[in-house]
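> No sequence on hand, only this structure:
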């Protein structure tokens with residue numbers, strides 16, 4: 001209650017009014033005790049007067065003692081510099097430190113905060129809210145704006161440099177060739193090369209037909225370079241037959257499909273290449289060295305920067321003119337996420353564990369910042385202001401000490417007087 005008041009109850013006009021009313025009540029009760037004590041001197045001396053005087057006197061003493069004790073916490077009683085008074089202004093910095101330590105040791109602990117968060121069940125509640133169309137649409141709009149803001153601040157030079165630096169460091173610590181080999185193995189096993197071949201064959205054939213004269217000239221030059229016998233053999237007619245055979249062969253491969261002998265041989269070559277990349281250290285090291293040289297080439301950074309600039313430009317153009325469909329897609333994504341949270345217990349449990357870990361991490365690593373905030377805030381208050389704030393927050397409860405002191409003192413006076421009367425000294 002003290003901590004809550006100190007942190008949230010200060011500078012509250014309602015709290016100040018309630019404090020004044022309680023002070024008036026406690027002071028009024030003390031004044032009543034003093035008035036009754038003076039009144040007893042005007043009454044006839046008898047046992048009843050003795051009881052009244054004893055109760056009033058003891059109540060007055062108890063009330064005065066507790067008034068002094070409560071007042072001494074915040075200021076010097078009657079303005080007198082009595083030792084060990086005005087404790088809050090004098091000990092403000094110590095109070096700030098102790099308050100921070102108290103919060104850290106009893107409230108901002110990983111177990112305590114995680115338990116409160118777990119009891120609140122935020123994952124399920126958020127999932128239920130995200131299921132609401134209005135909430136999903138609102139979140140979709142805000143996500144669209146947030147993405148636009150983030151993309152708008154990205155610099156293509158910085159992005160490309162970060163990507164390339166990450167690739168360079170990654171190449172130094174692990175083999176990309178082996179991963180490429182494993183990926184290629186999986187691709188070959190799943191016939192991922194088939195669409196590429198089927199797409200490439202007609203285009204290659206079209207290029208050969210369209211550039212037949214160039215192909216003829218380069219092929220003749222190649223055959224001539226093989227020696228005198230090849231030069232004598234490679235007449236124009238034979239070179240044309242080779243070109244025609246290549247074109248016919250492309251049609252044949254396309255018609256037969258993956259069962260064609262050349263297709264099977266090509267698959268075997270890819271499989272051996274993938275196996276070599278994945279399992280042959282020398283081959284993998286060679287490929288990795290080539291990749292490192294490529295990554296270190298300044299031309300690659302320039303090329304990557306251009307690619308990033310084009311993609312960021314396209315993204316900015318799209319986000320600068322957001323369409324309703326984009327917001328709707330994001331809204332549907334948010335709603336689907338909420339539906340999965342509510343319906344998929346395993347997924348929700350994973351999110352709960354993630355939230356629990358995040359809360360524990362945040363408290364473990366950043367609780368000191370909250371404690372420092374409390375400590376520094378209280379420490380920055382001037383002594384008089386700190387005293388006023390704390391008294392406003394908790395002073396009303398302290399006035400009950402004064403009231404209880406007056407009442408308990410009066411009861412104690414009655415008991416003492418009764419003992420005295422019973423002993424024959426009344």
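Arrived safely. What you see is a predicted model; the values in this text were computed from it and never measured. Numbers count the residues shown, from 1 in each chain.
> what helices or strands is the helix or strand containing residue 333 leaning on?
Assessed by DSSP states H and E, residue 333 sits inside helix 324-343. Contact here means 3 or more C-beta pairs under 8 Å, 6 or more residues apart in numbering; DSSP states H and E; on that basis helix 324-343 packs against helix 122-131, helix 133-153, helix 345-380. For every residue, glycine as well, the C-beta is placed using N, CA and C.
> So what's the gap between the longest one and the chain middle?
What that stands for is helix 345-380. From the chain centre to the centre of helix 345-380 is a distance of 9 Å (C-alpha atoms, centre = their mean, to the nearest Å).
> OK, contacts around the most centrally placed residue in the chain?
In the chain, the centroid-proximal residue (C-alpha atoms, centre = their mean) is residue 358; its distance is 7.1 Å. Applying C-beta atoms under 8 Å, 6 or more residues apart in numbering to residue 358 gives no contacts.
> quick one, phi/psi of the spatially most distant residue from the centre of the chain?
Going by C-alpha atoms, centre = their mean, the residue of the chain most distant from its centre is residue 44, 77.8 Å out. In terms of degrees, to the nearest 10, the main-chain angles of residue 44 are phi -60, psi 140.
> Low-confidence ranges, this protein, go.
Residue ranges of the chain with pLDDT under 70: 1-12, 319-325, 425-426.
> What are the structural domain limits within it?
2-90+381-422, 176-296 (automatic domain parsing).
> Among the ones you listed, show me which one is buried the most.
domain 2-90+381-422 (a mean of 17; mean count of other C-beta atoms under 10 Å).
> Report the distance from that one to the chain centre.
Distance, centroid of domain 2-90+381-422 to centroid of chain: 49 Å (C-alpha atoms, centre = their mean).
> again, but for stretch 269-289
The answer for stretch 269-289 is 42 Å, by C-alpha atoms, centre = their mean.
> likewise stretch 305-318?
28 Å.
> Now do the buried residues in that stretch.
Using 16 or more other C-beta atoms under 10 Å as the test for burial, stretch 305-318 gives 305, 308, 312, 315.
> what's the helix or strand for the third one?
This means residue 312. For residue 312, the element it lies in under DSSP H and E is helix 298-320.
> For that helix, which outside residues touch it?
Applying C-beta under 8 Å, 6+ apart, the set of residues contacting helix 298-320 is 144, 147-148, 151-152, 154, 156-157, 159-161, 163-164, 294, 326.
> Compare those and tell me which is most surrounded.
With neighbours taken as other C-beta atoms under 10 Å, the top of these is residue 160, carrying 21 neighbours.
> any idea how far that residue lies from residue 108?
The gap separating residue 160 from residue 108 is 42 Å, by C-beta to C-beta, to the nearest Å.
> same question, residue 263
When residue 263 is compared with residue 108 (using C-beta to C-beta), they lie 67 Å apart.
> for residue 83, same thing?
According to C-beta to C-beta, residue 83 stands 36 Å off from residue 108.
> likewise residue 192?
Separation of residue 192 from residue 108 (C-beta to C-beta): 53 Å.
> so which strand or helix has residue 244?
Taking DSSP H and E as the definition, residue 244 sits inside helix 236-256.
> what residues does that helix touch?
Looking at what lies outside helix 236-256 - C-beta under 8 Å, 6+ apart - the contacts are 197-198, 201-202, 204-205, 208-209, 212, 215-216, 219-220, 223, 260, 262-263.
> Go again with 6 Å.
Applying C-beta atoms under 6 Å, 6 or more residues apart in numbering, the external contacts of helix 236-256 come out as 201, 205, 216, 219, 220, 260, 262.
> The last one - nearest residue in space that isn't next to it in sequence?
The reference is to residue 262. Leaving aside its sequence neighbours, residue 262 sits nearest to residue 253 (C-beta to C-beta, 6 or more residues apart in numbering; 5.8 Å).
> Residue 386 too?
Nearest to residue 386 is residue 92, by C-beta to C-beta, 6+ apart, at 4.8 Å.
> Okay, that neighbour and residue 328: tell me how far apart.
With C-beta to C-beta as the criterion, residue 92 and residue 328 are 56 Å apart.
> Looking at these two, which is more packed in?
residue 92 (21 against 15).
> That one and residue 67, how far apart?
Applying C-beta to C-beta, the value for residue 92 to residue 67 is 22 Å.
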